[in-house]
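# here's a sequence, model it:
(2 chains)
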Amino acid sequence: MNVCKKPRHKSAYEWVVVIWLLLVFSVTPFAHAEYGDIVINNFSDAAGMRPPIFPHWFHRIRFRCKVCHVDLGFEFKAGGNKINMAKIIGGEFCGACHNGEAAWSVENCDLCHSAQFGTPTQVHKNTLQTLIAPIGARK
Amino acid sequence: MKINFLVIAIVSLFAIMLITPAYAAEPSQRASTEKDPNRFNRLLPPKEKRTPALKDDGIHDPKNRGISILQQPRVAFQPLVSGKGGNYVDWVKSLDDKKIHPIFSLSDKTDTPMLLDLDIVREVKGSMPDVVYPHKQHTEWLDCSNCHPAIFIPQKGANQISMTDIILGEKCGVCHGKVAFPITECRRCHSKPKISQPTPKEKSGQ
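Take a look at the predicted model:
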């Protein structure tokens, strides 16, 4: 490594930090999935599943907001409902449609659970994410 | 000293191993920024990168086989009215022009929303034009109980709203800046020029 020949003005640990920062920052700004895509990672990572992505754009072509946000009880907050598979199979939340009749059923795990591992719960491209700092972006 | 460099080597190798799959997922985006460091709008995704394929969008895992079955946003947006910001789709116009037919009730697919045609004008403190809030477009999508009374008290003068609230995701920001058109579309809300303020057209003498 060339590092050995350079004058020793940075300690080994500073170099480690620099390398980490370079690697991390060279990756983070490139997520630009659709505006309003919701990632919910309440339980998925811990359970070894990819976190699910809910595409608002797909669903608003088919449903008015009221259908999910009044009739099905979805909060206006990503991850706010603490949904789990038992509730979905019981016909609550996503399960009201994703039951094999109105829409494809729960055994198609990969269709929802499609985010990269470790993607935090977020409303993708929300104001705070895009205007102030990339909080909620992939770490 | 030697131990220090061993530490660097091991940690770097570990870091590279962790990061490599993410790199592999986004070769196209990386290439575009590396090509010209001084391109215009350096921090914005270039136009041709808008509405990317799911496998390239940075949050979908390209290794997930289910991704090939999901609809690509570009395909879905093609027949819709295009707009500025957000999904680059004008959802309100798309609905008005009947390009989309979203249902209002799961139990009765023929159910239609009860529209309320009532504009609320909010005089703003700063130099921006006053805000006109149209109930009509909102009741197309939403139920009264979505906003009243939890987010907005249904009473004139009872709601203090600031752009800071909205940026932080409160008030209008519960939807605008997340799903509904983003707050960069200033003039869609701030649309009523103040009486003392000449409109841009009057100013230019047209």
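# and the most centrally placed residue in chain A, how far from A:H59?
The residue lying closest to the centre of chain A (Cα atoms, centre = their mean) is A:V39, at 2.9 Å. Noted for A:V39: a distance of 15 Å to A:H59, by Cβ to Cβ, to the nearest Å. Yep, even glycine has a C-beta here, placed from its N, CA and C like the rest.
# likewise B:D108?
The value you get for B:D108 to A:H59, if Cβ to Cβ is used, is 19 Å.
# of those two, which one has the most company?
A:H59 (17 against 9; other Cβ atoms under 10 Å in any protein chain shown).
# for that one, what are its contacts?
If you count contacts by Cβ atoms under 8 Å, 6 or more residues apart in numbering or on different chains, A:H59 has them with A:C68.
# gap between the two ends of stretch A:69-79?
13 Å (Cα to Cα, to the nearest Å).
# buried sites along it?
A:69-70, A:72, A:74, A:76, A:78-79 (16 or more other Cβ atoms under 10 Å in any protein chain shown).
# what about the helices in chain A?
A:12-25, A:56-62, A:65-66, A:85-89, A:109-112, A:127 (DSSP state H).
# buried ones in the fifth one?
Right, helix A:109-112. Within helix A:109-112, the residues that qualify as buried are A:110-112, counting by 16+ other Cβ under 10 Å.
# same check, this time on the second one
Going by neighbour count (16+ other Cβ under 10 Å), the buried part of helix A:56-62 is A:56-57, A:59-61.
# hmm, stretch B:94-104 touching chain A?
Yes: interface with chain A: stretch B:94-104 contributes B:100, B:102-104 (Cβ under 8 Å from any Cβ of the partner chain).
# max pairwise distance over those: which two?
B:I100 and B:F104 (12.6 Å; Cβ to Cβ).
# and the two? which has more neighbours close in?
Set side by side, B:I100 and B:F104 show more neighbours around B:F104, with 20 against 17, by other Cβ under 10 Å.
# ok, now which ones touch the more buried one?
So B:F104 contacts A:64, A:66-67, B:111-113 (Cβ under 8 Å, 6+ apart).
# SS state for B:V131?
strand (DSSP: H, G, I helix; E, B strand; the rest coil).
# hang on, isn't it packed against B:C189?
Yes: counting by Cβ atoms under 8 Å, B:V131 touches B:C189, with 4.9 Å between them.
# low-confidence ranges in chain A?
A:1-10, A:12-30, A:131-139 (pLDDT under 70).
# what's the burial count for B:G83?
B:G83: 18 neighbours (other Cβ under 10 Å).
# B:D119 too?
By other Cβ under 10 Å, the residues close to B:D119 number 10.
# cool, A:T119 as well?
With other Cβ under 10 Å as criterion, A:T119 counts 28.
# okay, it and chain B: tell me how far apart.
5 Å (Cβ to the nearest Cβ, to the nearest Å).
# grab the nearest non-local neighbour of the spatially most central residue of chain B.
A centroid search over chain B (Cα atoms, centre = their mean) returns B:G86, at 3.3 Å, as the residue closest to the centre. Leaving out its chain neighbours, the residue that sits closest to B:G86 by Cβ to Cβ, 6 or more residues apart in numbering or on different chains is A:Y35, at 4.2 Å.
# the buried residues of helix A:109-112: which ones sit near chain B?
Residues of these in contact with chain B (Cβ under 8 Å from any Cβ): A:110-111.
# ok, of the buried residues of helix A:109-112, which one's closest to B:V75?
Using Cβ to Cβ, the buried residues of helix A:109-112 come closest to B:V75 at A:L111, 16.1 Å.
# thought that closest one was touching B:S68?
No: here A:L111 does not reach B:S68: they are 10.3 Å apart, not a contact under Cβ under 8 Å.
# could you pull out the helices for chain B?
B:2-25, B:27-35, B:73-77, B:91-96, B:135-141, B:144-147, B:163-167, B:186-189, B:200-203.
# now what about the fourth one, what contacts it?
By that I understand helix B:91-96. Under the contact criterion Cβ under 8 Å, 6+ apart, helix B:91-96 has outside partners A:60, B:80-81, B:83, B:100, B:102, B:137, B:140-141, B:180-181.
# the nearest residue to B:I183 once chain neighbours are set aside: neighbour count?
Among residues not flanking B:I183 along the chain, B:G177 sits closest, at 4.9 Å (Cβ to Cβ, 6+ apart). Neighbours of B:G177 under the rule other Cβ under 10 Å: 27.
# ok, now which ones touch B:G177?
By Cβ under 8 Å, 6+ apart, the neighbours of B:G177 are A:126-127, B:166-167, B:169, B:183.
# and it, how far from B:F40?
In terms of Cβ to Cβ, B:G177 sits 25 Å off from B:F40.
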